[in-house]
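Visitor: Turn this into a structure:
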Amino acid sequence: ERTPVMPPWLTEVLQKLDDPACFTQGLPELLRMTPYTQEHLTRSFRRYVHTTPTAYINQKRLNYAAALLADRSLAPAAVAQRAGFHNLSHFYHLFRQQYGCTPLQYSARYRDEQSAQSRCLAAISRRAERACAVYGAAAEGSSPMWETDFSGPVCLVIGSEGEGLGRLVRERCDFLVSIP
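Guide: Residues are numbered from 1 along each chain as shown. Next comes the predicted model:
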């Protein structure tokens, strides 16, 4: 079964949501960006993006927060606020669920890593700030690479032969695609 082609209006909305000024405003901003009802928007997200609008926005926020934490110039509470999380407990819960550690632990871990993986993470963070979708090629990818719509600005991350993508790199990708 082939994946349906995403409608142009949704592609445009997703491109706008790459901008932190949009995704930090949350679902209300998303609803202002389209003439469709929340129900129609949710159905379209589930069909074409395979997630809910809220989960998509939270993923964008978490990636942005992780990039801010890697910089180490902001405290976790300030990062949460800047990323659009107005409930610190909710931010910590989602962050721990996504990254397996607290924001402070993540920041310390990121600072301590001096490997090729940390340079790759920094490059991914820079690409994410430039409104570029980050795709990781991994065996556990949700859809085959050749069936994925790579329209718009894209950064493709491919791991080393035999080892694949590291856990942190895999977590920072917006999408995972499978390769043979």
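Visitor: Next secondary structure element downstream of the helix-or-strand element of the chain with minimal mean pLDDT?
Guide: Taking mean pLDDT, DSSP states H and E as the measure, the helix or strand of the chain with the lowest value is helix 116-129, at a mean of 68. The first helix or strand that comes after helix 116-129 along the chain, using DSSP states H and E, is strand 133-137.
Visitor: Parallel or antiparallel, which strands does that next one pair with?
Guide: Applying DSSP bridges to the sheet, strand 133-137 is found paired with strand 154-158 (parallel), strand 175-178 (parallel).
Visitor: Going by neighbour count, which residues in the longest one are buried?
Guide: Read that as strand 154-158. Buried positions in strand 154-158, judged by neighbour count with 16 or more other CB atoms under 10 Å: 155, 157. For glycine as for every other residue, the C-beta is placed from the backbone atoms N, C-alpha and C.
Visitor: Tabulate the CA atom coordinates of that strand in CSV.
Guide: What follows is strand 154-158, C-alpha atoms only, in CSV (Å, rounded to 0.1, in the frame of the first residue of the first chain):
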residue,chain,number,x,y,z
VAL,A,154,16.0,18.3,4.3
CYS,A,155,19.0,17.0,6.3
LEU,A,156,19.7,13.3,5.9
VAL,A,157,21.8,11.6,8.6
ILE,A,158,23.3,8.2,7.8
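Visitor: so for that strand, what's the average pLDDT?
Guide: Along strand 154-158, the predicted local confidence has a mean pLDDT of 83.
Visitor: List the neighbours of it that are in contact with it.
Guide: Strand 154-158 is contacted from outside by 120, 123-124, 127, 132-137, 150, 165, 169, 173, 179, using CB atoms under 8 Å, 6 or more residues apart in numbering.
Visitor: And for the shortest one?
Guide: Applying CB under 8 Å, 6+ apart, the contact partners of strand 175-178 are 133-145, 148, 170.
Visitor: can we see that at 10 Å?
Guide: The set of residues external to strand 175-178 that reach it, using CB atoms under 10 Å, 6 or more residues apart in numbering, is 49-50, 59, 133-148, 150, 154, 156-157, 165, 170.
Visitor: next one: stretch 76-89
Guide: For stretch 76-89, using CB under 10 Å, 6+ apart, the contacting residues are 20-26, 29, 57-58, 60-69, 71, 73-75, 90-95, 102-107.
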